[in-house]
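> model this:
(4 chains)
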Number of protein chains: 4
Amino acid sequence: MTVTGLVRFSVSMDARLLERFDRFIAEKGYTSRSEALRDLIRDSLVESEWAAGDREVVGVVSLLYDHHTRGLSESLTAVQHEYNTVVTTVHVHLDHQHCFEALVVKGKAAVIREMADRLGSLKGVKHARVTLGSSGKDLP
Amino acid sequence: MTVTGLVRFSVSMDARLLERFDRFIAEKGYTSRSEALRDLIRDSLVESEWAAGDREVVGVVSLLYDHHTRGLSESLTAVQHEYNTVVTTVHVHLDHQHCFEALVVKGKAAVIREMADRLGSLKGVKHARVTLGSSGKDLP
Amino acid sequence: MTVTGLVRFSVSMDARLLERFDRFIAEKGYTSRSEALRDLIRDSLVESEWAAGDREVVGVVSLLYDHHTRGLSESLTAVQHEYNTVVTTVHVHLDHQHCFEALVVKGKAAVIREMADRLGSLKGVKHARVTLGSSGKDLP
Amino acid sequence: MTVTGLVRFSVSMDARLLERFDRFIAEKGYTSRSEALRDLIRDSLVESEWAAGDREVVGVVSLLYDHHTRGLSESLTAVQHEYNTVVTTVHVHLDHQHCFEALVVKGKAAVIREMADRLGSLKGVKHARVTLGSSGKDLP
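Residues are numbered from 1 along each chain as shown, chains lettered A, B, ... in the order given. As a prediction, this is how the structure comes out:
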């Protein structure tokens, strides 16, 4: 049986460390220390999910490309269709030459990285990045 | 006067290093060594743009949140309107509880980071990340 | 007046998040939840110290180089002397060709990065990295 | 048969990208464009060596700790002896309370990370970090 609901536990800490942490999280906009600690914890868990490679994760692949490159949009579409991980994409026209595209992806981290490598290697794609995320499923 | 057009220059390298590099980029899907080198160069330049903090950059802020949290969507909108950096957003319903949102942002890196901190600190936001990107303007 | 000594405060959390965190830290070897949380907090603070650039930090610059490169050891020494940040260095002979050196450094983050860039740019230095650290002074 | 010796190949690039790269590497102290490109290439290869987990790598584990913590130095030694990866260590007395230690390590990346996790989890260790490196063996 999995325990559910809110639990409360106590943490001991050097007063000066707590003082510094409180200042640090206030700068970031937190109004609750518990919320800040929960976020730190979730962040560590998300990184370990991605490191594992075989867990289902959610993330973003972002691409900057020159849309004048011949055949590029066909190649971008073809690669995305080969991998069954793109949920949706959003496109921004940056200037007369550059497009920026964010692909929301869901799948195994290793597969997502492979697709991002393939997309980034296409001629005309100037920059490609993968962002860590989580499906939230195991992130209460 | 700025030089334009393609130039060609030669690089000297230990044959074994070149061999390993060729294998490495083939795995990533590159068919051209020049293209792979251009991407490595652009990647370094983009990182230095973000480190500078005051250059205009393009990127993605991704958020995972629990949409049941009372008042969250109002807060998310309010914070985004305070900062004049969000170009567009795309939203995905992950399951009955979780939403994933990718915000395409354009502005100074320092401002984007500050907004992302504020969004991430909201109760109900479980994970927030910023991804490096470039406006392409200084990235031929 | 700065508060000193240990304080104790309570944190509220979804029971399932706490369960996952407890499993995560047990894998890493932690026997105390407070200690794991203190380390997460310190880690965030150290990253923000380095990002600031002008705080005194402690860290390591590691170098891999080919000691056959003519004039390299003189150049390595000369650059290190220009910057007044190297506390001590340790040297390992990896094989007949390669040396690995770890420089323990203390100073402003921006200065340390600049020195590391200079060292990494020397011919014969194959790899250079800077690792984040803290002087501990503001890290109770 | 493996090819050896220096080879020379040519790269084509937009003149403005090359201009920006030349400025970027000059700031870092490079006097040779080939050397800067070789370093970029080696850096990518080193990261992929570490990501693989099972390759022999060289690196640094750095630790900041409070030497007043009872039993800590025995625990630090015990954990290091369990893993057969520490080549040498260098120790710096930062102030009356803090020690900084850099462990030069050689072994499989996954094993090194596990040891660093164990060391970092000890009470009294305030900060622990692993730095990527290479044995140089496959890094011409």
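> now the one helix or strand residue A:126 maps to against strand B:125-131, angle please.
In this assignment (DSSP states H and E), residue A:126 forms part of strand A:125-131. In this structure, strand A:125-131 runs at an angle of 150 degrees to strand B:125-131, with axes from the mean of the first three to the mean of the last three C-alpha atoms, to 10 degrees as the basis.
> pLDDT on strand A:125-131, on average?
The average pLDDT within strand A:125-131 is 90.
> what do you get for stretch A:90-106?
For stretch A:90-106, the mean pLDDT works out to 90.
> buried set for that stretch?
Judged by neighbour count using 16 or more other C-beta atoms under 10 Å in any protein chain shown, the buried positions of stretch A:90-106 are A:90, A:92, A:94, A:98-106. Using the backbone N, CA and C atoms, a C-beta is placed for each residue, glycine as well.
> stretch A:69-79 now?
With the criterion 16+ other C-beta under 10 Å, stretch A:69-79 contains buried residues A:69, A:72, A:75-76, A:79.
> pLDDT on the top helix by length along chain A, on average?
The residue-count maximum for a helix in chain A (DSSP state H) belongs to helix A:33-52. For helix A:33-52, mean pLDDT rounds to 87.
> so what touches it?
Where contact means C-beta atoms under 8 Å, 6 or more residues apart in numbering or on different chains, the residues beyond helix A:33-52 that reach it are A:21-22, A:25, A:28, A:30, A:55, A:57, A:59, A:109, A:132-134, A:138-139, B:120-121, B:123, B:125-128, C:9, C:11-14, C:17, C:20-21, C:24, C:37, C:40-41, C:44.
> now list the buried members of those residues.
Judged by neighbour count, with 16+ other C-beta under 10 Å as the criterion, the buried members of those are A:21, A:25, A:28, A:30, A:55, A:57, A:59, A:109, A:132-134, A:139, B:120-121, B:123, B:125-128, C:11, C:13-14, C:17, C:20-21, C:37, C:40-41, C:44.
> hang on, residue A:20 packs against residue C:140?
Yes - because the distance of 7.3 Å satisfies C-beta atoms under 8 Å, residue A:20 is recorded as touching residue C:140.
> mind giving me the domain ranges of chain A?
Structural domains of chain A, as assigned by automatic domain parsing, span the residue ranges A:15-52, A:56-131.
> got JSON lines for the ones you listed, with distance to residue D:65 too?
Conversion of the domains of chain A to JSON lines gives the following (distance: least, C-beta to C-beta, whole Å):
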{"stretch": "domain A:15-52", "distance to residue D:65": "15"}
{"stretch": "domain A:56-131", "distance to residue D:65": "33"}
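> relative to residue B:64, which of these is closest?
With distances scored as C-beta to C-beta, the stretch of the domains of chain A nearest to residue B:64 is domain A:56-131 (7.1 Å).
> please identify the residue most distant from the middle of chain A.
Among the C-alpha atoms of chain A, the one farthest from their average position, using C-alpha atoms, centre = their mean, is that of residue A:15, at 33.9 Å.
> can I assume residue A:63 sits in a helix?
No - under the criterion used here (DSSP: H, G, I helix; E, B strand; the rest coil), residue A:63 is strand, not part of a helix.
> now do the helix or strand containing residue A:106: which elements does it pack against?
When secondary structure is defined using DSSP H and E, the element that contains residue A:106 is strand A:98-108. In terms of contacts (3 or more C-beta pairs under 8 Å, 6 or more residues apart in numbering or on different chains; DSSP states H and E), strand A:98-108 is packed against strand A:56-66, strand A:86-93, strand B:86-93, strand B:98-108.
> could I get these as a markdown table with distance to residue D:84?
As requested, those are arranged in a markdown table below (distance: least, C-beta to C-beta, whole Å):
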| stretch | distance to residue D:84 |
| --- | --- |
| strand A:56-66 | 34 |
| strand A:86-93 | 44 |
| strand B:86-93 | 47 |
| strand B:98-108 | 43 |
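> for residue C:86, find the nearest of the ones you listed.
Comparing those by their distance to residue C:86 (C-beta to C-beta), the top pick is strand B:98-108, with 34.3 Å.
> partners of the closest one in the sheet?
For strand B:98-108, the paired strands and their directions (DSSP bridges) read strand B:56-66 (antiparallel), strand B:86-93 (antiparallel).
> between the longest one and helix B:33-52, how big is the angle?
Between the direction of strand B:56-66 and that of helix B:33-52, the angle (the same axes, to 10 degrees) works out to 80 degrees.
> next, the angle from the following helix or strand past strand B:56-66 to strand B:98-108.
Sequence order places helix B:72-82 as the next helix or strand after strand B:56-66, per DSSP H and E. With the same axes, to 10 degrees applied, the angle from helix B:72-82 to strand B:98-108 works out at 10 degrees.
> check the offset of helix B:72-82 from the chain's centre.
Average the C-alpha atoms of helix B:72-82, do the same for its chain, and the two points are 21 Å apart (C-alpha atoms, centre = their mean, to the nearest Å).
> now do stretch A:61-77
Between the mean C-alpha location of stretch A:61-77 and the chain-wide mean there is a distance of 21 Å, by C-alpha atoms, centre = their mean.
> residues in contact with it?
Around stretch A:61-77, the neighbours that count as contacts under C-beta under 8 Å, 6+ apart are A:86, A:94, A:97-103, A:105, A:112, A:115-116, A:119-120, A:122-131, B:58-60, B:131, B:133-134, B:136, B:139.
> can I get it in CSV, CA atoms only?
Output in CSV follows, covering the C-alpha atoms of stretch A:61-77 (Å, rounded to 0.1, in the frame of the first residue of the first chain):
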residue,chain,number,x,y,z
VAL,A,61,13.6,19.9,-28.1
SER,A,62,14.3,23.4,-29.3
LEU,A,63,15.6,24.2,-32.8
LEU,A,64,16.9,27.3,-34.4
TYR,A,65,17.1,27.0,-38.2
ASP,A,66,17.4,28.9,-41.4
HIS,A,67,14.2,28.2,-43.3
HIS,A,68,15.8,29.1,-46.6
THR,A,69,17.8,25.8,-46.6
ARG,A,70,16.5,23.7,-49.4
GLY,A,71,14.7,20.6,-48.3
LEU,A,72,15.1,21.3,-44.6
SER,A,73,11.4,21.4,-43.6
GLU,A,74,10.8,18.0,-45.3
SER,A,75,13.8,16.5,-43.5
LEU,A,76,12.7,18.0,-40.1
THR,A,77,9.3,16.4,-40.6
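> just the mean pLDDT for it, thanks.
Mean pLDDT, taken over the full extent of stretch A:61-77, equals 92.
> now residue A:30: phi and psi?
Listed backbone geometry of residue A:30 is phi -70, psi 140, with angles given as degrees, to the nearest 10.
> so it touches residue B:119, yeah?
No - applying C-beta under 8 Å as the test, residue A:30 and residue B:119 come out as separate, 11.6 Å apart.
> so which bits of stretch A:23-36 are buried?
Within stretch A:23-36, the residues that qualify as buried are A:25, A:28-30, A:33-36, counting by 16+ other C-beta under 10 Å.
> what's the answer for stretch A:109-124, then?
Applying a neighbour-count criterion of 16+ other C-beta under 10 Å, the buried positions in stretch A:109-124 are A:109, A:111-124.
> closest to chain C out of the residues you listed?
Comparing the buried residues of stretch A:109-124 against chain C with C-beta to the nearest C-beta places residue A:109 closest, at 16.9 Å.
> got the contact list for residue A:87?
Contacts of residue A:87 were listed using C-beta under 8 Å, 6+ apart, and they are A:58, A:104-106, B:92.
> those residues: which two are farthest apart?
A:105 and B:92 (9.9 Å).
> next SSE downstream of the strand holding residue A:106?
Beyond strand A:98-108 in the direction of the C-terminus, DSSP H and E gives the next helix or strand as helix A:109-121.
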